[in-house]
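Colleague: I would like to see how this sequence folds:
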Amino acid sequence: MHIHEFAVSACQFFQICKEDSTFCFTFAELKVNDIFMNHSRVHFIAIGGSAMHNLAIALHLKGYQVSGSDDEIFDPASSRLDSYGLLPPEFGWFPAKLDQSIDSVILGMHARSDNPELAKAKELGLKIYSYPEFLYEQSKDKLRVVIGGSHGKTTITAMILHVLQQCNVDTDFMVGAKLDGFDVMVRLTEKAGVMVFEGDEYLTSALDPRPKFHLYKPDIALVSGIAWDHMNVFPTFENYIEQFLIFMMMVPDSGALIYCDEDPEVQQVAAGIPGKMKKLPYGVPGHVVAGGKTVLKTAEGDVALKVFGRHNLMNMEGARLVCNQLNISNADFYKAISGFKGASNRLELIAEKQGFNAYRDFAHAPSKLKATIQAVEEQFPSRKLFACFELHTYSSLNKNFLNQYAGSMDKADVAVVYFSPHALGIKKLPMLSADDIKEGFARQGLLVFSETGELQEFLRTQSWDNSNLLMMSSGNFDGINVKEFANGLMNGE
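Modeller: Sure, this is the predicted structure:
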């Protein structure tokens with residue numbers, strides 16, 4: 001029996017057990033019901049995280065009473081929480097929000113171990129779950145697909161979900177970006193036989209130092225690439241690689257390990273994984289680029305795409321292999337994927353007119369930055385490319401990590417780096433200078449800004465004929481609405 005069919009059968013059996021009183025619940029099933037059927041009040045510590053705020057919304061839509069706190073919340077999390085009445089009225093930590101009426105506390109990774117709300121929850125003896133613990137409890141009886149890697153996780157997960165939706169496969173999921181056609185970024189049901197996870201390698205919570213994707217226990221695992229990231233928790237590259245080794249070794253003999261064969265680190269780790277699971281490598285599929293359009297060359301014929309770039313084509317090939325394991329044929333995959341427009345903030349087109357495109361992207365690690373710039377440059381080789389990157393993560397703002405960015409912006413015609421002194425203060429990191437950044441990036445002519453007004457004024461004074469703009473950040477350039485700003489540039493404002 002195919003592993004997908006087995007998962008569906010197991011899910012159906014579980015449903016029969018619940019409907020027939022002659023069957024007894026297992027301890028695990030009782031635990032799931034205990035969380036979801038009896039616990040109506042849930043409090044989120046660090047509710048503004050990409051995944052956390054989506055879980056909060058999902059539970060709110062299921063009728064839970066949801067509260068939460070955070071010290072900073074950026075868009076789109078801020079706007080989305082506000083639209084559901086879940087945005088905290090003020091930022092900060094307020095232990096008084098917690099009392100015995102709270103049934104469950106969900107702890108986000110960005111909450112520190114000395115968080116006063118966490119201390120209050122412990123003092124009251126409240127049940128505390130990390131985000132991944134909570135999700136695993138809801139998926140332990142399903143077929144679990146986990147997408148890991150230093151880059152491309154969100155896009156690959158989005159591609160898989162897009163295809164499954166088009167093919168009418170009922171699926172639970174957790175993904176780190178808003179997707180077209182999906183109201184939520186987290187879905188939890190009893191009926192779906194499959195759950196697809198975006199498998200983040202960052203630590204689980206202030207109480208649990210394991211990477212999140214270690215808790216999901218994949219039946220099908222994909223690894224897109226390994227490039228050192230999160231140096232604040234993985235101080236060496238070897239330590240970082242080890243986390244992916246552990247993840248890949250979790251795949252059971254009945255499962256499948258899908259990995260990018262064009263990444264030397266992934267290839268080396270995958271080659272040493274023991275076991276009888278399927279090992280399915282992938283790379284860049286055959287394609288042509290002409291007139292700003294990318295077309296796949298397949299056995300089923302030419303497939304015109306709405307996305308572009310070598311990294312996106314590799315992502316698509318990995319997604320195809322995952323979907324094959326879920327009984328989706330290549331013909332059905334290509335038919336569905338031709339309509340995929342990309343995930344929010346992943347090479348997202350935000351302004352367009354004749355001879356000018358503007359994109360925003362979540363790129364923050366060196367490998368992501370390099371791949372994103374290369375994608376736009378290859379798609380529009382005759383246009384001048386302005387690439388603007390904000391140092392926002394702990395690693396990127398750490399002077400000791402800056403040399404990892406050497407060469408990452410070389411393919412841009414104009415390279416700009418922005419950093420916020422405020423962000424350095426929040427992360428309790430030493431102040432950076434423009435010279436520190438120029439030395440780390442090793443890019444001739446690199447421009448460095450630390451004031452949003454100066455950055456915007458510089459961009460407004462440029463000519464945008466036959467040019468593209470790429471805005472890359474995991475933040476928001478200290479409050480710039482990049483979509484509105486790019487449209488202003490397009491209209492000469």
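Colleague: and this structure, what are its domains?
Modeller: For the chain, automatic domain parsing gives the domain ranges 39-125, 134-337, 348-490.
Colleague: now those domains as a markdown table including mean pLDDT?
Modeller: Below are those laid out as a markdown table (pLDDT from 0 to 100):
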| stretch | mean pLDDT |
| --- | --- |
| domain 39-125 | 92 |
| domain 134-337 | 92 |
| domain 348-490 | 93 |
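Colleague: excluding its backbone neighbours, what's nearest Ser130?
Modeller: Nearest non-adjacent residue to Ser130, counting by CB to CB, 6 or more residues apart in numbering: Ser205, 4.0 Å away. All C-beta atoms are positioned from the backbone trio N, CA, C, and that covers glycine.
Colleague: who does that neighbour bridge with?
Modeller: Ser205 has these beta-bridge partners by DSSP bridges: Asp208.
Colleague: rewinding a little: using CSV, lay out the domains of the chain together with mean neighbour count.
Modeller: Below are the domains of the chain laid out as CSV (neighbours: other CB atoms under 10 Å):
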stretch, mean neighbour count
domain 39-125, 18
domain 134-337, 19
domain 348-490, 18
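Colleague: returning to what we had before: my guess is the residue nearest to Ser130 contacts His110, does it?
Modeller: No - using CB atoms under 8 Å, Ser205 is not in contact with His110, being 9.4 Å away.
Colleague: which residue ranges form the helices in the stretch 51-200 of the chain?
Modeller: 77-83, 116-124, 131-139, 153-166 (DSSP state H, counting those that start in this stretch).
Colleague: then the stretch 251-400 of the chain?
Modeller: Taking DSSP H, counting those that start in this stretch to define them, one finds helices in the stretch 251-400 of the chain at 264-271, 310-325, 330-337, 366-379.
Colleague: contact partners of the second one?
Modeller: The set of residues that contact helix 310-325 without belonging to it, under CB atoms under 8 Å, 6 or more residues apart in numbering, is 3-4, 145, 147, 151-152, 155-156, 159-160, 163-164, 220, 222, 224, 256, 258, 260, 262, 278, 280, 282-285, 287, 294, 296, 305, 307, 330, 333, 337, 342, 347, 371-372, 374-375, 378.
Colleague: convert the C-alpha atoms of that helix to PDB, please.
Modeller: Presented in PDB, the C-alpha positions along helix 310-325 are these (Å, rounded to 0.1, in the frame of the first residue of the first chain):
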ATOM      1  CA  ARG A 310      17.000  28.900 -11.100                       C
ATOM      2  CA  HIS A 311      16.200  28.600  -7.400                       C
ATOM      3  CA  ASN A 312      12.400  28.700  -8.100                       C
ATOM      4  CA  LEU A 313      12.800  26.000 -10.800                       C
ATOM      5  CA  MET A 314      14.700  23.800  -8.300                       C
ATOM      6  CA  ASN A 315      12.000  24.500  -5.700                       C
ATOM      7  CA  MET A 316       9.400  23.400  -8.300                       C
ATOM      8  CA  GLU A 317      11.200  20.200  -9.100                       C
ATOM      9  CA  GLY A 318      11.400  19.300  -5.400                       C
ATOM     10  CA  ALA A 319       7.700  20.100  -5.000                       C
ATOM     11  CA  ARG A 320       6.900  17.800  -8.000                       C
ATOM     12  CA  LEU A 321       8.700  14.900  -6.300                       C
ATOM     13  CA  VAL A 322       6.800  15.400  -3.100                       C
ATOM     14  CA  CYS A 323       3.500  15.600  -4.900                       C
ATOM     15  CA  ASN A 324       4.400  12.300  -6.800                       C
ATOM     16  CA  GLN A 325       4.600  10.700  -3.400                       C
END
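Colleague: and it with helix 153-166, angle?
Modeller: Counting by axes from the mean of the first three to the mean of the last three CA atoms, to 10 degrees, helix 310-325 lies at 40 degrees to helix 153-166.
Colleague: just give me how far helix 310-325 sits from the chain centre.
Modeller: Taking CA atoms, centre = their mean, to the nearest Å, one finds helix 310-325 lying 16 Å from the centre of the chain it belongs to.
Colleague: okay if I get the helices of the stretch 51-200 of the chain as a markdown table plus distance to Leu397?
Modeller: Converted to a markdown table, those look like this (distance: least, CB to CB, whole Å):
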| stretch | distance to Leu397 |
| --- | --- |
| helix 77-83 | 20 |
| helix 116-124 | 25 |
| helix 131-139 | 24 |
| helix 153-166 | 22 |
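Colleague: so which of the ones you listed is nearest Leu55?
Modeller: The minimum distance between Leu55 and the helices of the stretch 51-200 of the chain falls on helix 131-139, with 6.7 Å, by CB to CB.
Colleague: list the helices and strands that closest one packs on?
Modeller: With contacts taken as 3 or more CB pairs under 8 Å, 6 or more residues apart in numbering; DSSP states H and E, helix 131-139 sits against helix 27-33, helix 50-61, strand 104-107, strand 171-174, strand 194-198, strand 203-205.
Colleague: among these, which is nearest Glu242?
Modeller: Nearest to Glu242, of all the helices and strands packed on helix 131-139, is strand 203-205, at 13.8 Å by CB to CB.
Colleague: what helices or strands is that closest one leaning on?
Modeller: helix 131-139, strand 208-211.
Colleague: rerun at 10 Å
Modeller: Helices and strands touching strand 203-205, by 3 or more CB pairs under 10 Å, 6 or more residues apart in numbering; DSSP states H and E, are strand 104-107, strand 127-130, helix 131-139, strand 208-211.
Colleague: dump those to CSV, plus distance to Asp229.
Modeller: Below are the helices and strands packed on strand 203-205 laid out as CSV (distance: least, CB to CB, whole Å):
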stretch, distance to Asp229
strand 104-107, 22
strand 127-130, 20
helix 131-139, 18
strand 208-211, 11
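Colleague: common neighbours of Ser205 and His110, please.
Modeller: Residues touching both Ser205 and His110 (CB atoms under 10 Å, 6 or more residues apart in numbering) are Ile45, Ala46.
Colleague: now the helices of the stretch 251-400 of the chain in CSV, with distance to Phe477?
Modeller: Shown next, in CSV, are the helices of the stretch 251-400 of the chain (distance: least, CB to CB, whole Å):
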stretch, distance to Phe477
helix 264-271, 31
helix 310-325, 23
helix 330-337, 32
helix 366-379, 15
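Colleague: and the ones you listed: which comes nearest Asp71?
Modeller: Nearest of the helices of the stretch 251-400 of the chain (CB to CB): helix 366-379, 25.7 Å.
Colleague: hmm, Val482 and Lys476 touching each other?
Modeller: In this structure residue 476 is Asn, not Lys. Yes - the pair Asn476 / Val482 is scored as a contact, 7.3 Å apart, by CB atoms under 10 Å.
Colleague: report the set of residues contacting both of these two.
Modeller: Common neighbours of Asn476 and Val482 (CB under 10 Å, 6+ apart) are Arg360, Glu390.
Colleague: could you pick out the longest strand of the protein?
Modeller: Ranked by number of residues, the top strand in the chain under DSSP state E is strand 384-391.
Colleague: and the angle from that one to helix 366-379?
Modeller: 160 degrees.
Colleague: only C-alpha atoms, please: export strand 384-391 in PDB.
Modeller: C-alpha atoms of strand 384-391 as PDB (Å, rounded to 0.1, in the frame of the first residue of the first chain):
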ATOM      1  CA  LYS A 384      19.500  47.900 -14.700                       C
ATOM      2  CA  LEU A 385      19.000  46.300 -11.400                       C
ATOM      3  CA  PHE A 386      18.800  48.200  -8.100                       C
ATOM      4  CA  ALA A 387      19.100  45.800  -5.200                       C
ATOM      5  CA  CYS A 388      18.200  47.100  -1.700                       C
ATOM      6  CA  PHE A 389      18.800  44.900   1.300                       C
ATOM      7  CA  GLU A 390      18.000  45.500   5.000                       C
ATOM      8  CA  LEU A 391      20.200  43.900   7.700                       C
END
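Colleague: alright, I will stop here.
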